[in-house]
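Engineer: Test case, fold it:
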Amino acid sequence: MGLALSATDGTACYLPLAHEMGPNLARDQVLGWLALALADPTVPKVGMNLKRDSHLLSGFGAPLAGLAFDLGIGSFLCDPGRGHDLDSLARDLLGVTLPVLDPETTPRRPRPVMRTSAAALAVPHVEAVMAERAAVLFPLAEALRAQIESRDQASLYERLEHR
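Structural biologist: Numbering: from 1, shown residues only. Predicted coordinates:
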């Protein structure tokens with residue numbers, strides 16, 4: 001449907017790719033714009049499932065390098081019993097309630113069920129929501145990394161991440 005990106009300074013954007021009512025950007029054009037940064041190991045990448053993202057992007061001819069921190073793995077290592085989704089992490093670690101795409105989602109479920117196809121939602125709404133959600137990625141990574149380091153679990157994180 002689209003790609004949400006953020007930078008270490010908290011700026012974020014959303015690139016619409018497959019919305020039903022557009023406007024959309026061409027996937028090949030977006031990947032062309034991002035290919036160098038995606039492949040650059042010195043540009044840190046933070047996300048919820050970086051291995052999945054890496055495989056997906058590689059399939060589109062855009063290899064992903066510089067995988068700095070996977071929030072799901074870091075969260076599980078810090079507290080296996082808590083929710084590891086982005087909403088739970090933002091709430092628990094940053095005290096932030098993230099917006100949702102569809103107000104009809106069920107927030108009590110680990111993965112909210114969309115009642116409306118996200119691709120059918122208006123691009124400006126999705127853009128605002130997804131940019132705000134992407135903006136918490138680096139602060140969450142910092143918070144989780146600090147917990148991991150304070151527990152001397154950095155080498156364990158590295159072993160889990162590189163399996």
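Engineer: spatially speaking, which residue is in the middle of the protein?
Structural biologist: Geometric centre of the chain, nearest residue: G47, 4.0 Å, by Cα atoms, centre = their mean.
Engineer: For that residue, which non-adjacent residue is closest in space?
Structural biologist: D53 (5.6 Å; Cβ to Cβ, 6 or more residues apart in numbering). Yep, even glycine has a C-beta here, placed from its N, CA and C like the rest.
Engineer: The helix or strand harbouring the one you found: which residues count as buried?
Structural biologist: Following DSSP states H and E, one finds D53 within helix 50-59. Within helix 50-59, the residues that count as buried by 16 or more other Cβ atoms under 10 Å are L50, K51, D53, S54, L57.
Engineer: swap in stretch 5-22?
Structural biologist: L5, S6, A12, Y14, L15, P16, L17, H19.
Engineer: So for that stretch, first residue to last residue, what's the gap.
Structural biologist: End-to-end distance of stretch 5-22 (Cα to Cα, to the nearest Å): 19 Å.
Engineer: quick one: low-confidence parts of this protein?
Structural biologist: 103-116, 162-163 (pLDDT under 70).
Engineer: ok, now with 80
Structural biologist: 102-116, 160-163 (pLDDT under 80).
Engineer: returning to what we had before: can I get the buried residues of stretch 5-22 in CSV with distance to E149 and secondary structure?
Structural biologist: Output for the buried residues of stretch 5-22, formatted as CSV (distance: Cβ to Cβ, whole Å; DSSP: H, G, I helix; E, B strand; the rest coil):
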residue, distance to E149, secondary structure
L5, 26, strand
S6, 22, strand
A12, 26, strand
Y14, 31, strand
L15, 33, strand
P16, 37, strand
L17, 36, coil
H19, 40, coil
